[in-house]
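Student: For reference, the sequence and a predicted model appear below.
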Amino acid sequence: MRRLPIYFLIDISESMVGEPIQQVEEGLATIIQALKTDPHALETVYVSIIVFAGQPKTLVPLQEIVSFYPPKFPIGSGTSLSKGLGHLMYELRSNIVKTTYEVKGDWKPIVFLFTDGVPTDDTQAAISEWKNNWQRTANLIAVSFGNETDTKLLGQLTENVLHFKNTNVQSYKEFFKWVTDSIKTSSISVENNSSGFELAKLDGETISKIDLTKEEPNKQYVDDNYVVLSGKCQNTKRPYLMKYRKNIAPSIYAGIELASKNYKLVGAYQVDNNYFELADNSNFNNKVNTEELFGAPTCPCCGNQIAFAVCVCQKIHCIGDEQISTCPWCNNQGSYGYGEGGFDVNRTQG
Amino acid sequence: MEETKRYLQSLLFQNKIDIPESKQTLFEDFINNENNITAVKIIKEKQRMIMQNWNLKNRIDDITHQSVFLPNGTVNKIYEAKIDFAQLGWIDFTSFEIQNLEETGLTFDHDSKLLFGIPIISGDLKIKLLFKIEGESEETPFHEKIMTVIVNPDPKSLWKNIESDRNAPFAKDDHVAISSTFLDKKIVVASKRGRSHANVGSFREDDFAFKNLDSNGWSVLGVSDGAGSAALSRKGSKLACDTVVDYFEQNLDKENLKDFDEILLEHYKKTDLETSKKISHFVYNTLLKAAHFVNQKIEEFAGNIDEELKKFHATLIFALVKKYDFGYAILTFGVGDCPIGLLNKDLTEVTLMNFIDVGEFGGGTRFITMPEIFQSEKLSSRFGFKLVDDFSYLMLMTDGIYDPKFVVEANLEKIEKWNEFLSDLKGNNQDNSKVDFDDENGDVAAQLSNWMDFWSPGNHDDRTLAIIY
């Protein structure tokens, strides 16, 4: 029997925290469920899930969909697309079976790359390797979540760069249905066709193809579309993330019209210790001023009123109404007052 | 006493109150005050209780969110999974039970913690675990945890069998089975629409044709597999087979048949380089013309109805066979991934008569409709010739048979695989489906057609098998 290998390469950087990652998690489970209703797919599709933040990880090794169990997605710091791609190529090299005289080969593998941001590392080497060794051997579909992805860069990987917008629950559902349909059509056509990969019809509303000739390349190593701050709960010692989305507000300063940038709170989310495993270890010191941040969450781990207390060690933790707080990062003890005006805090790479 | 002192000291300190030397005696009295001692005791107790409650709540929350992996099951297949409490760290459970198993076909054994049975419904079964942990009072209600058991549908139940549209252009039968004579031997052929086509009501794309050309003593058999991605390949494969038969019927007499008969006799008496060369030339020239003619005819047909040639993509294998006093001459040509196997009389040897076109990944085959095959350096390897005293079986098949039964190319050269295949045909299979190759058997076509319904996961292509025996 020939396998049709489907790889999902998924960005799990901090900016995906909250609804997006939850939707991806549920979405993938839905894809598998839907594929199981298609007898073709049920008998031929093999699935693997690779995630990447600062580090890549194989979350689900290539396996037939009858044994697939939906995984819990971790969140990590950074968006190292090059490490993600590198890991994908490693997995492809180790798993994809080519037809030989004595071995039954796979159908041409399909890769779905989901990302919502800008890579935080240099991707050129990985992209060249992809172009040279894999572009013709695998069908890659890059899907940009939201408006902030570096689509020019994705365009170097594949002609199929798609934009997924209107991120509400319904559109996520439609999007994953589209992915399912694409897999279903291709599990039929690849069987009989050498190049054979067909994307399901795009509706243009939820998902649309990006004109790659239009946008300018974007070079930066912090994903500026979100500010994500990482904290630790004083009570449970667990990590959490606070996510703020960029908002450009018109403002008038000294009679001159300016657009000022600020970040609005999206929410605070508990993450597990995988967060540290998947984080980029390189020395990273990027600040954001609290004056740019609107809104302060409560602690998502223990419900403490203030999730945004900064210790002398510069790290963030939560505080309640206790008199003396202990920083869960450095164990320093002290009491807190409210800061006047803005101050700089460390942000993550996003 | 010491405890009360420490507590009050730190309380005052937190409120930024220092006790100077001069107030030490006052403070001593303060901490010895019964009311204060009791108050501190109560505070401490309450704190302990709060901490305990928090730990319990936290533990319950952890258990509720803990991911528990239970292996997937399949409808109608025995399921068994142990829920390993120790490994999950559930050593602090004081009591538990499992609910929501009604109508799933599964049962849970409380002592062995085994979940087992034969699932009767597919989907993500949400199983409820009710539990209490150490430190909770008897009256505390059970906590709930939902665990998922994924039950896969039985793949066989998902396939549909939708008839193809009889009114569509180039409609053809979903199943054909026929038996007849071939030279002095018998032939049986069955061609069957694959599950992938039946599931969506599309056509069988395989085809075949054969004929005994009485005027010159040759018989010809062609088998073709239409490309799934080509919209009109059902017609392409039919054209390919019919055309090759027509071609030989019309043109074979014009070739130097007499000369060839003589060369063969010469070759039979004494095989040398000279005769081999002459035979090669004849085979090459005669068969190439036929193959080329097929290519041209399909192109012409497509042009006439203003359709693209690639819509007719189809593979083609054919064999041209003649019986001489000294044996059978078998000439073959093949483009695509359909094998021609020749089994000797005592089933100790198989000759694979053609080269199989397979791509690096699945589906990378070649078609008779591709003009470039005639320019390729591989062209000469597409022809086959064999002169044998006799043979037991000559088989032509499409990949719908070859894929599930031989799996890989290498197996086509192994006589033991062909013997397994024969034994399978003769009834050694799950369904006890049997083809009786006795000369007198009038049911052989129906039997082959029936045998061809074998179930093979992942293999749902059209199936065509032609056997000369």
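Tutor: Thanks, I have it.
Student: contacting residues around B:Lys44?
Tutor: By CB atoms under 8 Å, 6 or more residues apart in numbering or on different chains, the contact list for B:Lys44 reads B:Glu3, B:Tyr7. All C-beta spots, glycine's among them, are computed from the backbone N, C-alpha and C.
Student: and whichever helix or strand it is part of, average pLDDT?
Tutor: Element membership for B:Lys44 (DSSP states H and E) is helix B:34-65. When pLDDT is averaged over helix B:34-65, the result is 91.
Student: any idea how far that helix is from the chain center?
Tutor: Centroid separation for helix B:34-65 versus its chain: 59 Å, with CA atoms, centre = their mean, to the nearest Å.
Student: and if you look at stretch B:283-295?
Tutor: Taking CA atoms, centre = their mean, one finds the center of stretch B:283-295 at 35 Å from the center of the full chain.
Student: Please report how far the closest residue to chain B within the stretch 251-350 of chain A lies from B:Lys23.
Tutor: Distance from chain B to each residue of the stretch 251-350 of chain A (CB to the nearest CB) is smallest for A:Gln323, at 4.0 Å. From A:Gln323 over to B:Lys23 the distance is 21 Å, taken as CB to CB, to the nearest Å.
Student: ditto for B:Thr332
Tutor: B:Thr332 sits 114 Å away from B:Lys23, going by CB to CB.
Student: who's more crowded, the two?
Tutor: Of the pair B:Thr332 and B:Lys23, B:Thr332 is the one with more neighbours under other CB atoms under 10 Å in any protein chain shown, namely 25 against 12.
Student: shouldn't that one be in contact with B:Val321?
Tutor: No: using CB atoms under 8 Å, B:Thr332 makes no contact with B:Val321, being 9.1 Å away.
Student: Could you tell me the per-residue confidence at the one residue in the stretch 351-469 of chain B that gets nearest to chain A?
Tutor: Of all residues in the stretch 351-469 of chain B, the one sitting closest to chain A is B:Gly458 (3.2 Å; CB to the nearest CB). Note for B:Gly458: predicted pLDDT of 85.
Student: so what's it up against?
Tutor: B:Gly458 touches A:Met1, A:Arg2, A:Arg3, A:Glu43, A:Thr44, counting by CB under 8 Å, 6+ apart.
Student: of those residues, list those near chain B.
Tutor: Among those, the residues that sit close to chain B (CB under 8 Å from any CB of the partner chain) are A:Met1, A:Arg2, A:Arg3, A:Glu43, A:Thr44.
Student: since we're on the first one, how many residues are nearby?
Tutor: Taking other CB under 10 Å as the neighbour definition, A:Met1 ends up with a count of 13.
Student: Ignoring the adjacent residues along the chain, who's closest to it?
Tutor: Once flanking residues are discounted, A:Met1 sits nearest to B:Gly458: 3.2 Å by CB to CB, 6 or more residues apart in numbering or on different chains.
Student: quick one: average confidence on stretch A:295-313?
Tutor: Mean pLDDT, computed over stretch A:295-313, is 85.
Student: correction: stretch B:8-22
Tutor: The model assigns stretch B:8-22 a mean pLDDT of 86.
Student: Next, the distance between the ends of it.
Tutor: End-to-end distance for stretch B:8-22, by CA to CA, to the nearest Å: 17 Å.
Student: which other residues reach it?
Tutor: With CB under 8 Å, 6+ apart as the test, stretch B:8-22 has contacts from A:Gln323, A:Ile324, A:Ser335, B:Phe27, B:Phe30, B:Ile31, B:Asn36, B:Val40.
Student: Kindly recompute the last result at 6 Å.
Tutor: A:Gln323, B:Phe27, B:Ile31 (CB atoms under 6 Å, 6 or more residues apart in numbering or on different chains).
Student: For PyMOL, write the select line for the buried members of those.
Tutor: Of these, the buried ones go into a single PyMOL selection, burial set by 16 or more other CB atoms under 10 Å in any protein chain shown:
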select buried, chain B and resi 31
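Student: and the contacts of stretch B:8-22 as JSON lines, adding pLDDT?
Tutor: Below are the contacts of stretch B:8-22 laid out as JSON lines (pLDDT from 0 to 100):
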{"residue": "A:Gln323", "pLDDT": "75"}
{"residue": "B:Phe27", "pLDDT": "91"}
{"residue": "B:Ile31", "pLDDT": "90"}
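Student: Of the contacts of stretch B:8-22, which is the nearest to B:Lys82?
Tutor: Of all these, A:Gln323 has the smallest distance to B:Lys82: 49.5 Å, by CB to CB.
Student: can you count the residues close to A:Leu113?
Tutor: Around A:Leu113 there are 25 residues (other CB under 10 Å).
Student: do the same with A:Leu59
Tutor: Applying other CB under 10 Å, I find that A:Leu59 has 18 neighbouring residues.
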